[in-house]
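J.: Structure, please.
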Amino acid sequence: VQLTEFGGGSVQAGESLTLSCIVSGYTYTRGCLAWFRQVPGKEREGVASFDFGTRTTGYSDSVKGRLTITQDSPKNTAYLQMTSLNPEDTAMYYCATRAGDCYLAASWYNIWGQGTQVTVSS
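T.: Numbers count the residues shown, from 1 in each chain. Down below sits the predicted model:
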């Protein structure tokens, strides 16, 4: 299984951005795909997850209402739609996957993409 993220960039505060995570080598019927972010010197923070078995989503309190995780099964791609971005959202964003249930804790995941940088200016 390989994950590849796209879509990062530099935006102004208040703008929107959509990240993509292309999954190769696996077709989901169960399992979890999640988005994380990390800034230098801090732990990787889970922000959103999609459970392919229950078709449910989960979000951290820090992003609830602003970030939306979706997936396109035929394209084997997951998306993270981000709105009302602020400088505190600046981070490297990663997608990750696991075979079991969803958790917003990085230690549960062993397959990661390479990351895509998001920078939000005030």
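J.: Which residue ranges of the protein form strands?
T.: Applying DSSP state E to the chain gives strands spanning 2-6, 9-12, 17-24, 32-38, 45-51, 56-59, 67-72, 77-82, 91-98, 111-112, 116-121.
J.: and the residue nearest to the spatial centre of the chain, what does it touch?
T.: Central residue of the chain (C-alpha atoms, centre = their mean): residue 35, 2.2 Å from the mean position. Neighbouring residues of residue 35 by C-beta atoms under 8 Å, 6 or more residues apart in numbering: 19, 21, 46-49, 67, 69, 78, 80, 93-96. In short, each C-beta sits where N, CA and C put it, glycine included.
J.: Would you check how far apart the residue lying closest to residue 104 once chain neighbours are set aside and residue 121 are?
T.: Spatial nearest neighbour of residue 104, excluding adjacent residues (C-beta to C-beta, 6 or more residues apart in numbering): residue 46 at 2.9 Å. Residue 46 sits 25 Å away from residue 121, going by C-beta to C-beta, to the nearest Å.
J.: what ranges of this structure fall below the confidence cut-off?
T.: In the predicted model of the chain, no residue satisfies pLDDT under 70.
J.: hmm, try it at 90
T.: By pLDDT under 90, the low-scoring segments of the chain are 25-30, 73-75.
J.: How many residues are close by residue 5?
T.: Number of residues near residue 5 (other C-beta atoms under 10 Å) recorded here: 22.
J.: One more: residue 8?
T.: Residue 8 - counted by other C-beta under 10 Å - has 17 other residues nearby.
J.: can you check residue 98 too?
T.: Residues near residue 98, counting by other C-beta under 10 Å, number 16.
J.: Alright, that wraps it up for me.
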